[in-house]
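1. Attaching a predicted model along with its sequence, questions to come.
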Amino acid sequence: MAKTILTVDDSASMRQMIKLTLTGAGYDVTEANDGTQGLATARGKAFDMVLTDLNMPGMDGVSMIKEIRKLATYTGVPIVMLTTESDAERKAQAKSAGATGWITKPFQPEQLLSVTKKVLGQ
Amino acid sequence: MKTADPREIFQQEAQDLLVQLEQALLDLEHAPDDSALIDTAFRALHTIKGSGSMFGFEAVAAFTHHVETAFDKVRQGTIVPNRELIMVTLHARDHMRQLIEAPESADTAAGEAILAQLQRAMEGGAPQAAAAPAAAKVVVDATWRVRIRFPRDVMATGTNPLLLLDELRALGRATVTPLVDDIPPLDVIDPTACHIGWDIVLTTAQPSTAIEDVFLFVRDEMTLEVEAVDAVVPAARLGEILTERGDVTAGAVQAALEQQKPVGELLVKDGATSPDKVNAALAEQQHARREAAPAAPGAAAKANANSSVRVPAERLGELMDRVGELVIAQSRLRQIATTSADQQVKSVAEEIERLVLELRDTTMGIRMVPIGSLFGRFRRVVHDLSRDLGKEVALTMEGEETELDKTVIEQLNDPLVHLIRNAIDHGLEDPDGRAAAGKPQQGHIKLSARHAGMEVLITIEDDGRGMNRERIRERAEERGLIAKGATIGDSELLGMIFQPGFSTAAAVTSLSGRGVGMDVVKRTIEGLRGAINLSSTPGHGSEVTLRLPLTLAIIDGLLVRVGSGRYVLPLGSVEECVELSREEDARSRGRSFLNIRGDLVPYLRLRELFACKTPADPYQKVVIVSSGDLKVGLVVDQVIGDHQTVIKSLSKLHADVEMLSGATILGDGAVALILDIPHLVAFGQVREENQRAAG
Amino acid sequence: MSQQGSKMRKVKDATSLEVLTLRLDGHLFALEASHVREILDLGPVTEVPSANPFVNGLINVRGKVVPLADLRLKFGMEKTTATIDTRVVVIEIDLAGDQTTIGLLADKVYEVTEIVPSEMEETPRIGMIWRQEYIRCVGKRGEDFIIVLDIAAIFSSVLRDRKDNPAKRNAA
């Protein structure tokens, strides 16, 4: 059965690129536009992995990660954040909120795939 | 049983050796110092010379003798195998092959010319040799001790230590020892916490930064120690290793040794160290011993070569036939057992079913051969073509371990050679053309193979100029294949090149472009019940995809009923079965697609296609099948269930019915037809494209 | 010596033929016994969609999938329903280089018999409603004509006709 990935990002083009890259590799991808939607979607279904931007309107990435970690179904589930180079402080915050790893923007599809493989195994 | 002809045995063995020789020579061009390759080449020459004279192949023995002499000098280091020498040796190899396959028709003059060239190449290589002795193989592997300890809650944040260990293993050869001393008793253990640490001994060619990179995401939270092991001493004793690792004092080891019992046990007993540490040290000892073992020369495949058996292909074919009949008989037995009340009969029938399935799988596996054996031959083809056409070509191959039925592989050779030739000759631009297009001088051809469901996908990609759609269209209109101005889907347009005699090449080169090739390629592939697909981006390159069934003989199928006939669909192509609601059934008439849960899928009503006269079932079913990325929904009366199918070919009288790929016998003795999924999918796709284009 | 009003001529250099005789729609046909493998009762027939109507069925002959041909269609006769006498004559012929097993429908099968040269006559060019190439010769036995078929030619023509008129794509 294909692994399911929840991708949360307010940029439609980003979501599009992520979805294309991951579905092409056989993953099942669900999208959410911001932290609030992301959290709601994560509550509704147990995903194998969550991929999220940090800078989003409304509920931002760090807060969302914190909330998701409170859900029992997400203990042990990898949450990967998308960060920019200058995000060092937010990255540390996200890490302590419970993020598993990160991908630095801008990134190539291959990098996305290799990190996904790293945290999900294949 | 026929006693084997020794001459034939020699010919077969010599063929294998010639393949090895060629591969070694091609590899040697990029790594002239590799003594293992030189050894392989020399041994091949030596064996052919020796056996040749024994079995009456004097000509090849005499010829090879000279080549062997030359390579003996290479082996001793007095000559360096430069490009010229390798080229000549490759020619010599080809001549040797002639001498073995058809000694009477061999060209002796050509042979002498090659030997003369060989002589010159040897002299040319000598002066450099004086200055450069055979280089010793550079040691690139290093061994590291890697100790990792994670915080208790590391898994809560989604880190999986086992995946990280797998990543470490992928770097080289690793021996992993879990440290279990800290695992609390069962009644207090927290299963979501990480209580285990690991000690790893890793031998890798990668730098230590690669090891640290594995732990990139958790570096800050964990303890990671990476220590180089200076000299991996295979004979090091456990006590020595423990001391060196700092897990025990030298004094304690001494004391334990004096007691003449296993030192590890004693040290633990005395509390001088922990069981974990002893285990880890033992692991290091074993790792060291393994690394010191003499490496098998050449690829791992050679090790396997000793444990294989030669079997005449026809004997294998007979075995397959018997297994096939057994499968049919067994499915009839299953039918009978289902209706029987006798428990013993039922249980024996079940047992037989299990055994027959296993037998089927094993037998299928015997004929599977990795496609790498085929790909390997193409290196030479590309090498020669690149030289002949004056185009620099880099060939990459992927998925060489992908396995295919032996009979399929043999038939793929010619089509693939033709496609590769096409790609290099017509696809890749010449050096000026590439420079003008801003591309690197070296053209790129990529061969790849992978499994996808019940099929094998083989692709040939090039980064050349792509296919010229205008020219194809022109030519097609010229030949009356398309009416001027008619609309035609892109895939159908590209498919025009498969028409006999079709060629858009402005100048017909001696290698390809006569237009006789592509239609033959297509026919060969379709003869293997496969399909061929083209895609191309102008200016960027083209890709040819071959789609082939995994096995020719036995497959798992889905049995359906259309009218009064029963048909089998290869299960690997089946995505799902849905019931077609009355509404959707009515709605779909006049449309070219069905709405399946939001997805628009082209469809074919098999009742129409097969001209069924019996009344339709009230609720039709749709079986969605796929071939690659394309799908089509097949509308049938009833989905009956799984059925293991022995594929029987249809006779020539029915070879023209493209929808069918064969027939099979069902449990009740009736004949069912096997549908050709790629054909139906393509047909459905084309029909939908045309209907859409027609507005 | 030509016979008054007769358009039949004796076959030159003929040798005896061992044939299996059968009946199709009231006519007596025969085919060379050397081609015949066995004679079966008619069992279930699977129809092959889009196939040439002459050979649009498949049957199971002891585990082998064998095409079933209805010779009636080659000779312009109507298809009729099977009776208790209907049989399938299983033959083996060389078809474009392959040994191929084919089943032939027959309304009734008689015996294997020998046609001697004195009974053989050339196929008349006129007065014959069927394609000449399908027929080897005509045997006369008393009042009956036995039409000896060239079975290999019949099936080769199927392949040949197909090549001349490339198979129609399965039209929607």
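-> Right, received. Where do you want to start?

2. Report the rounded mean pLDDT for stretch C:160-171.
-> What stretch C:160-171 shows for mean pLDDT is 54.

3. in a strand, that's where B:V681 is, yeah?
-> No - with DSSP: H, G, I helix; E, B strand; the rest coil as the criterion, B:V681 is located in helix rather than a strand.

4. ok, it - contacts?
-> The contact partners of B:V681, by CB atoms under 8 Å, 6 or more residues apart in numbering or on different chains, come to B:V625, B:S626, B:S627, B:L630, B:K631, B:V632. Backbone N, C-alpha and C define where each C-beta goes, glycine included.

5. quick one: which two of those are the most distant?
-> Within these, B:V625 and B:L630 form the most distant pair, 9.5 Å apart (CB to CB).

6. When the two are compared, which one has more neighbours?
-> B:V625 (28 against 17; other CB atoms under 10 Å in any protein chain shown).

7. quick one, phi psi at the more buried one?
-> B:V625 adopts backbone torsions of phi -120, psi 160, taken as degrees, to the nearest 10.

8. contacting residues around the lengthiest helix in chain C?
-> The residue-count maximum for a helix in chain C (DSSP state H) belongs to helix C:151-164. With CB under 8 Å, 6+ apart as the test, helix C:151-164 has contacts from B:652-653, B:656, C:31-32, C:35, C:52, C:54-55, C:69, C:71, C:74, C:91, C:93-96, C:100, C:102, C:104, C:131, C:133-134.

9. Only the buried subset of these, as a PyMOL command please.
-> Here is the PyMOL command that selects the buried residues among those (16 or more other CB atoms under 10 Å in any protein chain shown):
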select buried, (chain B and resi 652+653+656) or (chain C and resi 31+32+35+52+54+55+69+71+74+91+93+95+100+102+104+134)
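
10. which residues does B:R97 contact?
-> With contact taken as CB under 8 Å, 6+ apart, B:R97 is in contact with B:Q15, B:L18.

11. With adjacent residues omitted, what lies nearest to the spatially most central residue of chain B?
-> With distances taken as CA atoms, centre = their mean, B:T402 lies nearest the centre of chain B, 2.0 Å away. The shortest distance from B:T402 to any non-neighbouring residue, by CB to CB, 6 or more residues apart in numbering or on different chains, is to B:A449 (4.0 Å).

12. helix or strand for the one you found, which one?
-> Secondary structure assignment for B:A449, by DSSP states H and E: strand B:443-452.

13. what mean pLDDT would you report for the helix or strand hosting B:F10?
-> Per DSSP H and E: B:F10 is located in helix B:6-30. Across helix B:6-30, pLDDT averages out at 84.

14. List the buried residues for that helix?
-> B:10, B:13-14, B:17-28.

15. What count of nearby residues applies to B:A116?
-> B:A116, neighbours per other CB under 10 Å, totals 11.

16. which residues in chain C form strands?
-> Remark: strands assigned in chain C by DSSP state E are C:17-24, C:27-32, C:36-41, C:46-47, C:57-61, C:64-69, C:87-95, C:98-106, C:108-115, C:120-121, C:135-141, C:144-149.

17. hmm, back to that, from the contacts of B:V681, which is closest to chain C?
-> Distance to chain C across these (CB to the nearest CB) is lowest for B:V632, with 12.6 Å.

18. Secondary structure class of the closest one, three-state.
-> Per three-state DSSP, B:V632 ends up strand.

19. how far away is B:E474 from A:M17?
-> The gap separating B:E474 from A:M17 is 38 Å, by CB to CB, to the nearest Å.

20. Neighbour count for these two, which is higher?
-> A:M17 (16 against 13).

21. Okay, and the more buried one sits in which element?
-> Secondary structure from DSSP H and E places A:M17 in helix A:12-24.

22. ok, then the element right after that helix?
-> According to DSSP H and E, the helix or strand after helix A:12-24 is strand A:28-32.

23. Buried residues in that next one, which are they?
-> A:V29, A:T30, A:E31, A:A32.

24. could those be laid out in JSON lines, adding distance to chain C?
-> Converted to JSON lines, the buried residues of strand A:28-32 look like this (distance: CB to the nearest CB, whole Å):
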{"residue": "A:V29", "distance to chain C": "36"}
{"residue": "A:T30", "distance to chain C": "38"}
{"residue": "A:E31", "distance to chain C": "38"}
{"residue": "A:A32", "distance to chain C": "43"}
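
25. Now pLDDT and distance to chain B too, for these, in a markdown table please.
-> Shown next, in a markdown table, are the buried residues of strand A:28-32 (pLDDT from 0 to 100; distance: CB to the nearest CB, whole Å):
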| residue | pLDDT | distance to chain B |
| --- | --- | --- |
| A:V29 | 93 | 16 |
| A:T30 | 94 | 15 |
| A:E31 | 93 | 16 |
| A:A32 | 93 | 18 |
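
26. Just name the shakiest helix or strand of chain C by mean pLDDT.
-> strand C:120-121 (a mean of 78; mean pLDDT, DSSP states H and E).

27. In terms of secondary structure, what does that one contact?
-> Other elements packing on strand C:120-121 under the criterion 3 or more CB pairs under 8 Å, 6 or more residues apart in numbering or on different chains; DSSP states H and E are strand C:135-141.

28. partners of the strand it packs on, with directions?
-> strand C:120-121 (antiparallel), strand C:144-149 (antiparallel) (DSSP bridges).
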